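Trainee: Provide a 3D model corresponding to the input given below.
(one chain, ligands or ions: 1)
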Amino acid sequence: MSVPVIHTIAELRTIATGWRRSGATIAVVPTMGALHEGHLSLVRAALHRADRVVVTLFVNPKQFNSAADLAAYPRTEKEDAAKLASLGAHLLYVPGVAEMYPAGFTTTVSVSRIGEGLCGAFRPGHFDGVATVVAKLFLQTGADVAIFGEKDFQQLQLVRRMVQDLDIPIAILPCGTVREADGLALSSRNVRLSPAERAVAPKLASVLQETAQRLAKGHPLLPTLGQARAAILSAGYREIEYLELRDEADLQPMTRLDRPARLLAAAWLGDTRLIDNVRTSPA
Ligand code: PAF
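Mentor: As a prediction, this is how the structure comes out:
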């Protein structure tokens with residue numbers, strides 16, 4: 001079995017229109033490829049939720065801050081297609097840059113507040129790039145439901161906000177973060193870790209988990225976050241970009257844990273930037 005691969009909006013529209021006419025529901029799983037078990041869990045959720053599943057593979061230049069990072073992004077289309085075929089996905093849509101952003105393209109979708117701070121503060125323009133491409137993918141597929149991982153929690157909440165604000169008729173289905181046995185969140189960037197870095201990497205997840213539990217028990221926010229930062233750095237992480245407690249729904253900063261929240265972090269291990277987040281709420 002193989003998965004049909006298409007490259008143009010016209011082909012996508014023809015196929016999706018046929019599906020809809022036959023009464024089938026459509027789910028879309030937006031990806032940048034280099035598929036790992038985390039992505040595959042999203043595809044499985046999509047297959048449960050809809051009759052037809054379109055996986056999109058587009059390494060979106062508008063969401064990269066550096067040309068080097070864009071060039072280094074892993075591209076494994078053949079392997080990705082084989083993995084999707086074995087799951088039973090119905091279509092792999094791989095548009096080129098000129099298909100997505102033809103000459104004269106000037107529109108940007110920008111979601112304020114929720115896209116500011118956290119990753120938005122360290123990757124200027126990143127979330128405008130994400131919102132713009134995701135809006136296009138939703139409009140191109142006309143899907144009924146889209147699946148996003150909680151690993152990129154700020155992205156998930158930003159997409160939800162955008163869909164609500166722009167009245168895009170699509171349901172957003174979140175899926176929990178998939179982790180290695182030692183707790184490290186799956187990420188396409190994990191392959192860049194040296195063996196020594198890979199041994200240290202799970203510390204980010206374990207510190208977040210312990211910190212979330214401490215906060216839930218009523219430990220004061222600032223000293224507890226300070227201890228967490230120290231533990232991450234002393235484990236071998238080079239730099240912490242942010243480690244913050246944010247309201248789970250609107251991602252606004254919190255000064256104490258008085259409602260459901262997320263503890264979110266981004267940190268550098270050698271030359272690799274890792275992000276993670278965990279849920280916490282008052283006991
Ligand atoms: O999470 C990703 O892989 C990307 O940000 C997305 C949603 C596919 C948009 O390019």
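Trainee: quick one, what contacts whatever residue of the stretch 151-283 of the chain ends up closest to the ligand?
Mentor: Residue of the stretch 151-283 of the chain nearest the ligand, by CB to the nearest ligand atom: Asp152 (5.2 Å). In this view, the C-beta of every residue, glycine as well, is placed from N, C-alpha and C. For Asp152, the contact set (CB atoms under 8 Å, 6 or more residues apart in numbering) comprises Ile275.
Trainee: Not counting its own residues, what contacts stretch 173-187?
Mentor: Residues contacting stretch 173-187 (CB under 8 Å, 6+ apart): 27, 36-38, 41-42, 45-46, 49, 145-151, 156, 190, 198, 201-202, 204-206, 209, 274-277.
Trainee: Can you show me the helices along the stretch 151-283 of the chain?
Mentor: 153-165, 195-200, 203-216, 221-235 (DSSP state H, counting those that start in this stretch).
Trainee: Including mean pLDDT, could the ones you listed go into CSV?
Mentor: Converted to CSV, the helices of the stretch 151-283 of the chain look like this (pLDDT from 0 to 100):
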stretch, mean pLDDT
helix 153-165, 98
helix 195-200, 98
helix 203-216, 98
helix 221-235, 98
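Trainee: Sitting in strands, which of the contacts of stretch 173-187 do you find?
Mentor: Residues of the contacts of stretch 173-187 located in strands (DSSP state E): 27, 145-149, 274-277.
Trainee: Give me the contact status of stretch 171-187 with the ligand.
Mentor: No. Counting by CB under 6 Å from any ligand atom, the ligand has no neighbours in stretch 171-187; the shortest distance is 10.1 Å.
Trainee: related to what we said a few turns ago, could you identify the buried members of the contacts of stretch 173-187?
Mentor: Buried members of the contacts of stretch 173-187, counted by 16 or more other CB atoms under 10 Å: 27, 36, 38, 41-42, 45-46, 49, 145-151, 156, 190, 198, 201-202, 204-205, 274-277.
Trainee: which ones are touching Ala50?
Mentor: The contact partners of Ala50, by CB under 8 Å, 6+ apart, come to 24-27, 143-145.
Trainee: what's the burial count for Leu118?
Mentor: 24 (other CB atoms under 10 Å).
Trainee: Quick check: nearest residue in space to it, chain neighbours excluded?
Mentor: Gln154 (5.1 Å; CB to CB, 6 or more residues apart in numbering).
Trainee: isn't that neighbour right up against Gly115?
Mentor: Yes. At 7.4 Å, Gln154 and Gly115 qualify as touching, with contact defined as CB atoms under 8 Å.
Trainee: who touches both of those two?
Mentor: Shared contacts of Gln154 and Gly115, defined by CB under 8 Å, 6+ apart, are found at Phe127.
Trainee: Show me what from this structure comes close to the ligand.
Mentor: 30-32, 60, 63, 130, 133-134, 152, 155.
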